[in-house]
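J.: The sequence isn't on hand, but the structure is:
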(Lines give C-alpha, C1' and ligand atoms only; values in the text may rest on other atoms or scores of the structure.)
Protein backbone atom coordinates (compact mmCIF):
# COMPACT_ATOMS: atom_id res chain seq x y z
CA UNK A 1 0.00 0.00 0.00
CA UNK A 2 1.27 3.46 -0.94
CA UNK A 3 0.12 6.93 0.11
CA UNK A 4 0.36 8.81 -3.18
CA UNK A 5 -3.27 8.53 -4.18
CA UNK A 6 -5.66 11.34 -4.98
CA UNK A 7 -5.86 13.75 -2.03
CA UNK A 8 -3.72 11.43 0.07
CA UNK A 9 -5.95 8.38 -0.32
CA UNK A 10 -3.84 5.17 -0.15
CA UNK A 11 -3.34 3.22 -3.36
CA UNK A 12 -3.77 -0.54 -3.01
CA UNK A 13 -2.20 -3.21 -5.15
CA UNK A 14 -1.75 -6.96 -5.32
CA UNK A 15 -2.86 -8.97 -2.29
CA UNK A 16 -3.68 -5.76 -0.38
CA UNK A 17 -6.93 -5.67 -2.39
CA UNK A 18 -8.87 -8.09 -0.21
CA UNK A 19 -11.80 -8.12 2.18
CA UNK A 20 -11.03 -8.95 5.82
CA UNK A 21 -13.14 -11.16 8.04
CA UNK A 22 -13.15 -9.17 11.30
CA UNK A 23 -16.28 -9.84 13.35
CA UNK A 24 -17.14 -7.21 15.96
CA UNK A 25 -18.54 -8.26 19.37
CA UNK A 26 -22.29 -8.88 19.29
CA UNK A 27 -23.92 -7.50 22.42
CA UNK A 28 -27.51 -8.57 21.65
CA UNK A 29 -29.11 -10.85 19.06
CA UNK A 30 -32.81 -11.53 18.53
CA UNK A 31 -34.77 -13.44 15.89
CA UNK A 32 -37.57 -11.09 14.81
CA UNK A 33 -39.10 -13.48 12.31
CA UNK A 34 -38.36 -17.13 11.62
CA UNK A 35 -38.86 -17.75 7.92
CA UNK A 36 -39.09 -20.72 5.61
CA UNK A 37 -35.65 -20.14 4.07
CA UNK A 38 -34.09 -17.32 6.09
CA UNK A 39 -34.69 -15.47 9.36
CA UNK A 40 -34.94 -11.76 10.08
CA UNK A 41 -32.64 -10.96 12.99
CA UNK A 42 -31.73 -7.88 15.01
CA UNK A 43 -28.22 -7.52 16.42
CA UNK A 44 -26.38 -4.86 18.38
CA UNK A 45 -22.67 -4.75 17.53
CA UNK A 46 -19.85 -3.01 19.38
CA UNK A 47 -17.76 -1.01 16.89
CA UNK A 48 -15.32 0.28 19.49
CA UNK A 49 -14.68 4.00 19.08
CA UNK A 50 -17.63 4.25 16.67
CA UNK A 51 -19.97 3.07 19.43
CA UNK A 52 -22.78 0.54 19.30
CA UNK A 53 -25.00 0.00 16.26
CA UNK A 54 -28.24 -1.95 15.85
CA UNK A 55 -28.77 -3.70 12.55
CA UNK A 56 -31.62 -5.81 11.19
CA UNK A 57 -30.70 -8.28 8.47
CA UNK A 58 -31.59 -11.62 6.94
CA UNK A 59 -29.69 -14.66 8.18
CA UNK A 60 -29.29 -16.95 5.19
CA UNK A 61 -27.88 -20.50 4.82
CA UNK A 62 -25.91 -19.51 1.71
CA UNK A 63 -25.91 -21.16 -1.67
CA UNK A 64 -23.86 -22.58 -4.51
CA UNK A 65 -24.17 -21.97 -8.25
CA UNK A 66 -22.61 -23.60 -11.27
CA UNK A 67 -21.34 -22.36 -14.62
CA UNK A 68 -21.52 -25.62 -16.58
CA UNK A 69 -19.44 -25.29 -19.73
CA UNK A 70 -19.44 -27.89 -22.50
CA UNK A 71 -16.69 -28.75 -24.99
CA UNK A 72 -17.97 -26.05 -27.38
CA UNK A 73 -17.77 -23.33 -24.71
CA UNK A 74 -21.53 -23.18 -24.27
CA UNK A 75 -23.03 -22.51 -20.85
CA UNK A 76 -26.26 -24.13 -19.70
CA UNK A 77 -29.01 -21.75 -18.58
CA UNK A 78 -32.31 -22.55 -16.92
CA UNK A 79 -35.40 -20.33 -16.80
CA UNK A 80 -37.46 -19.94 -13.64
CA UNK A 81 -40.33 -17.75 -12.53
CA UNK A 82 -39.17 -15.58 -9.61
CA UNK A 83 -42.20 -14.17 -7.88
CA UNK A 84 -40.55 -11.28 -5.94
CA UNK A 85 -39.49 -9.67 -9.24
CA UNK A 86 -42.51 -11.03 -11.20
CA UNK A 87 -40.27 -12.30 -13.96
CA UNK A 88 -39.04 -15.36 -15.81
CA UNK A 89 -35.28 -15.02 -15.55
CA UNK A 90 -32.46 -17.03 -17.07
CA UNK A 91 -30.18 -18.45 -14.39
CA UNK A 92 -27.36 -20.90 -13.94
CA UNK A 93 -28.06 -24.02 -11.84
CA UNK A 94 -27.98 -23.15 -8.14
CA UNK A 95 -29.26 -24.23 -4.76
CA UNK A 96 -29.32 -23.53 -1.05
CA UNK A 97 -26.79 -24.90 1.42
CA UNK A 98 -29.57 -26.14 3.66
CA UNK A 99 -28.16 -29.60 4.50
CA UNK A 100 -26.16 -29.23 7.71
CA UNK A 101 -22.51 -30.25 7.34
CA UNK A 102 -22.73 -30.89 3.59
CA UNK A 103 -19.65 -30.02 1.52
CA UNK A 104 -20.53 -27.13 -0.83
CA UNK A 105 -18.99 -28.98 -3.78
CA UNK A 106 -21.27 -31.97 -3.10
CA UNK A 107 -24.26 -29.63 -3.00
CA UNK A 108 -23.18 -28.10 -6.32
CA UNK A 109 -22.91 -31.51 -7.95
CA UNK A 110 -26.40 -32.40 -6.73
CA UNK A 111 -27.90 -29.14 -7.98
CA UNK A 112 -26.33 -29.59 -11.41
CA UNK A 113 -27.89 -33.04 -11.62
CA UNK A 114 -31.30 -31.96 -10.32
CA UNK A 115 -31.70 -28.76 -12.32
CA UNK A 116 -29.84 -29.47 -15.56
CA UNK A 117 -29.67 -33.29 -15.79
CA UNK A 118 -25.89 -33.07 -16.02
CA UNK A 119 -22.83 -34.52 -14.31
CA UNK A 120 -19.32 -33.04 -14.46
CA UNK A 121 -15.94 -34.71 -14.08
CA UNK A 122 -13.97 -31.47 -13.62
CA UNK A 123 -14.77 -28.90 -10.94
CA UNK A 124 -13.06 -25.63 -10.01
CA UNK A 125 -13.97 -22.63 -7.87
CA UNK A 126 -14.75 -19.71 -10.17
CA UNK A 127 -15.79 -16.87 -7.84
CA UNK A 128 -17.23 -16.18 -4.36
CA UNK A 129 -19.48 -13.30 -3.41
CA UNK A 130 -21.91 -11.85 -0.88
CA UNK A 131 -25.28 -11.02 -2.40
CA UNK A 132 -26.19 -8.02 -0.21
CA UNK A 133 -23.67 -7.54 2.63
CA UNK A 134 -25.57 -4.57 3.99
CA UNK A 135 -28.82 -6.51 4.31
CA UNK A 136 -28.08 -10.22 4.68
CA UNK A 137 -25.23 -12.63 5.34
CA UNK A 138 -25.81 -14.79 2.25
CA UNK A 139 -22.57 -16.10 0.77
CA UNK A 140 -22.53 -17.80 -2.63
CA UNK A 141 -19.78 -19.85 -4.23
CA UNK A 142 -19.87 -20.27 -8.00
CA UNK A 143 -18.14 -23.30 -9.48
CA UNK A 144 -16.99 -23.95 -13.01
CA UNK A 145 -18.06 -27.44 -14.09
CA UNK A 146 -16.59 -29.06 -17.21
CA UNK A 147 -16.26 -32.48 -18.86
CA UNK A 148 -20.04 -32.81 -18.81
CA UNK A 149 -22.26 -35.80 -19.44
CA UNK A 150 -26.03 -36.31 -19.51
CA UNK A 151 -27.77 -38.01 -16.62
CA UNK A 152 -29.68 -41.11 -17.85
CA UNK A 153 -33.46 -40.68 -18.05
CA UNK A 154 -34.16 -43.16 -15.25
CA UNK A 155 -31.82 -41.30 -12.86
CA UNK A 156 -33.18 -37.80 -13.41
CA UNK A 157 -34.72 -35.70 -10.66
CA UNK A 158 -38.51 -35.28 -10.57
CA UNK A 159 -39.03 -31.52 -10.62
CA UNK A 160 -41.94 -29.80 -8.93
CA UNK A 161 -43.11 -26.33 -7.93
CA UNK A 162 -41.40 -23.50 -9.80
CA UNK A 163 -38.98 -26.05 -11.31
CA UNK A 164 -41.75 -28.03 -13.03
CA UNK A 165 -41.36 -27.77 -16.80
CA UNK A 166 -38.34 -25.51 -16.35
CA UNK A 167 -36.82 -24.63 -19.77
CA UNK A 168 -33.14 -25.35 -20.30
CA UNK A 169 -30.93 -23.90 -23.02
CA UNK A 170 -27.32 -23.88 -24.18
CA UNK A 171 -25.80 -20.46 -24.95
CA UNK A 172 -22.28 -19.73 -26.17
CA UNK A 173 -20.20 -18.10 -23.45
CA UNK A 174 -19.53 -15.15 -25.75
CA UNK A 175 -23.24 -14.58 -26.38
CA UNK A 176 -24.08 -14.98 -22.70
CA UNK A 177 -21.37 -12.43 -21.88
CA UNK A 178 -22.83 -10.00 -24.41
CA UNK A 179 -26.34 -10.51 -22.99
CA UNK A 180 -25.12 -9.61 -19.49
CA UNK A 181 -23.43 -6.41 -20.69
CA UNK A 182 -26.47 -5.47 -22.77
CA UNK A 183 -28.71 -5.67 -19.70
CA UNK A 184 -30.74 -8.64 -20.96
CA UNK A 185 -29.80 -10.93 -18.05
CA UNK A 186 -30.26 -9.90 -14.43
CA UNK A 187 -29.83 -12.88 -12.13
CA UNK A 188 -26.75 -12.07 -9.99
CA UNK A 189 -25.20 -15.53 -9.95
CA UNK A 190 -25.70 -15.89 -13.69
CA UNK A 191 -24.25 -12.44 -14.40
CA UNK A 192 -21.25 -12.82 -12.09
CA UNK A 193 -20.60 -16.40 -13.14
CA UNK A 194 -20.74 -15.62 -16.86
CA UNK A 195 -18.54 -12.52 -16.52
CA UNK A 196 -16.03 -14.41 -14.37
CA UNK A 197 -15.92 -17.41 -16.72
CA UNK A 198 -15.47 -15.18 -19.76
CA UNK A 199 -12.60 -13.28 -18.07
CA UNK A 200 -10.97 -16.42 -16.70
CA UNK A 201 -11.04 -18.12 -20.10
CA UNK A 202 -9.34 -15.05 -21.62
CA UNK A 203 -6.56 -15.52 -19.05
CA UNK A 204 -6.12 -19.20 -19.81
CA UNK A 205 -8.20 -20.21 -16.76
CA UNK A 206 -5.29 -19.22 -14.50
CA UNK A 207 -7.65 -17.59 -11.97
CA UNK A 208 -9.46 -20.84 -11.14
CA UNK A 209 -9.05 -22.23 -7.62
CA UNK A 210 -9.17 -25.84 -6.42
CA UNK A 211 -12.62 -27.20 -5.69
CA UNK A 212 -11.79 -27.53 -1.96
CA UNK A 213 -10.44 -23.98 -1.57
CA UNK A 214 -11.12 -22.32 1.83
CA UNK A 215 -14.32 -20.31 2.06
CA UNK A 216 -14.12 -18.16 5.20
CA UNK A 217 -16.67 -15.69 3.81
CA UNK A 218 -19.42 -18.22 4.61
CA UNK A 219 -20.13 -18.21 8.38
CA UNK A 220 -20.33 -22.01 8.52
CA UNK A 221 -16.95 -22.51 6.81
CA UNK A 222 -14.69 -20.17 8.78
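T.: Looks like it arrived, so ask away. Note that the structure is a prediction, hence the values are computed from the model and not measured.
J.: Now the phi/psi pair for residue 180, please.
T.: phi -60, psi -50 (degrees, to the nearest 10).
J.: I'd guessed it sits against residue 194; true?
T.: Yes: using C-beta atoms under 8 Å, residue 180 makes contact with residue 194 at a distance of 5.4 Å. Every C-beta, even on glycine, is put in place using the N, C-alpha and C of the backbone.
J.: These two: which has the busier surroundings?
T.: residue 194 (26 against 19; other C-beta atoms under 10 Å).
J.: so the more buried one touches residue 178, yeah?
T.: No: applying C-beta under 8 Å, one finds residue 194 not in contact with residue 178, separated by 9.7 Å.
J.: what comes up buried for stretch 23-41?
T.: Within stretch 23-41, the residues that count as buried by 16 or more other C-beta atoms under 10 Å are 38, 41.
J.: swap that for stretch 78-88, please
T.: 78, 80.
J.: next one: stretch 129-142
T.: Neighbour-count burial for stretch 129-142 [16+ other C-beta under 10 Å]: 129, 130, 131, 136, 137, 138, 139, 140, 141, 142.
J.: Could you do stretch 53-65 as well?
T.: 57, 58, 59, 60, 61, 62, 63, 64, 65.
J.: Which ones among these map onto strands?
T.: 57, 58, 59, 63, 64, 65 (DSSP state E).
J.: okay if I get those residues as CSV plus pLDDT and distance to residue 214?
T.: CSV is the format used below for those (pLDDT from 0 to 100; distance: C-beta to C-beta, whole Å):
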residue, pLDDT, distance to residue 214
57, 97, 24
58, 97, 24
59, 96, 22
63, 98, 18
64, 98, 15
65, 98, 18
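J.: Can you list the residue ranges for strands in the protein?
T.: Under DSSP E, the chain gives strands at 26-33, 39-46, 52-59, 63-68, 74-82, 87-91, 94-96, 118-130, 139-150, 168-172.
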